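Participant: one predicted model, sequence on top.
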Amino acid sequence: MNKKNLHRVSKYISFVLRHEPENISLKIGKPKDYEVIDTEGYVLVSDLLEACNINLTELKEIVDSDNKGRYSFDETKLKIRANQGHSTKKVNLSLQEKTPPSKLYHGTSSRFLDNIRSEGLKPMGRQYVHLSEDLKTAESVGKRHGGELRILEIDTVKMLEDNFKFLISENGVWLTLRVPAKYLGF
């Protein structure tokens, strides 16, 4: 499979694992052939391969070449999941609470600033707000929104003082339930 097709399939797999596994007859937490419920968001690799009409070599290439670390296999390599970004509440990624650096960043488009100034950052259909530890990552994420890029700085010290919790995903994305506007530097 060429790189363009691999990228297209990767985006599709990411969407399916995070939001709509039922579109391809997958059930996150309950693979087709098993009754055991897995709340950590894994699906059987074999079910995903069949549903996406790809082979294991292609799936491994998608996972290995994904510079954002969107996916992880379980220790047996028989199951796979998206590392964060789920809109379904059924998934518990067993994320660890952790103290973030004093500043985190969020890349966005200037067209969203008025709304963010009034409502802060919200998960927008996901379970958590996604934050970056470095400006380069925040810039990369923000560019996807189009328009004039804006990088927001989050004062995590003040958020921690006010009892906000932070989690970190396997691929280094910082997560929190919301970021009220008063903690944002525009």
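Facilitator: Yes, it's here. Since the structure is predicted, the reported quantities are computational estimates derived from the model, not experimental observations.
Participant: list the contacts for the closest residue to Leu184 other than its chain neighbours?
Facilitator: If the residues on either side of it in the chain are set aside, Leu184 comes closest to Leu152, at 5.1 Å by Cβ to Cβ, 6 or more residues apart in numbering. C-betas here are computed from N, CA, C, even on glycine. Leu152 makes contacts with Tyr105, His106, Gly107, Thr108, Ile116, Leu121, Leu184, Gly185, Phe186, as judged by Cβ atoms under 8 Å, 6 or more residues apart in numbering.
Participant: so which one among those residues has the lowest pLDDT?
Facilitator: Within the contacts of Leu152, Phe186 has the lowest pLDDT, namely 84.
Participant: that one reaches Ile154, doesn't it?
Facilitator: No. Between Phe186 and Ile154 there is no contact, the gap being 11.2 Å when judged by Cβ atoms under 8 Å.
Participant: the more surrounded of the two?
Facilitator: Using other Cβ atoms under 10 Å as the criterion, Phe186 and Ile154 rank with Ile154 on top: 28 against 10.
Participant: leaving out the residues flanking it, which one is nearest to that one?
Facilitator: Leu104 (4.4 Å).
Participant: can you confirm the one you found is in a strand?
Facilitator: Yes. Under DSSP: H, G, I helix; E, B strand; the rest coil, Leu104 falls within a strand.
Participant: mind giving me the packing neighbours of the helix ranked longest in the chain?
Facilitator: In the chain, assigned by DSSP state H, the helix with the most residues is helix 3-18. Contact here means 3 or more Cβ pairs under 8 Å, 6 or more residues apart in numbering; DSSP states H and E; on that basis helix 3-18 packs against helix 45-52, helix 56-65, strand 71-73, strand 79-82.
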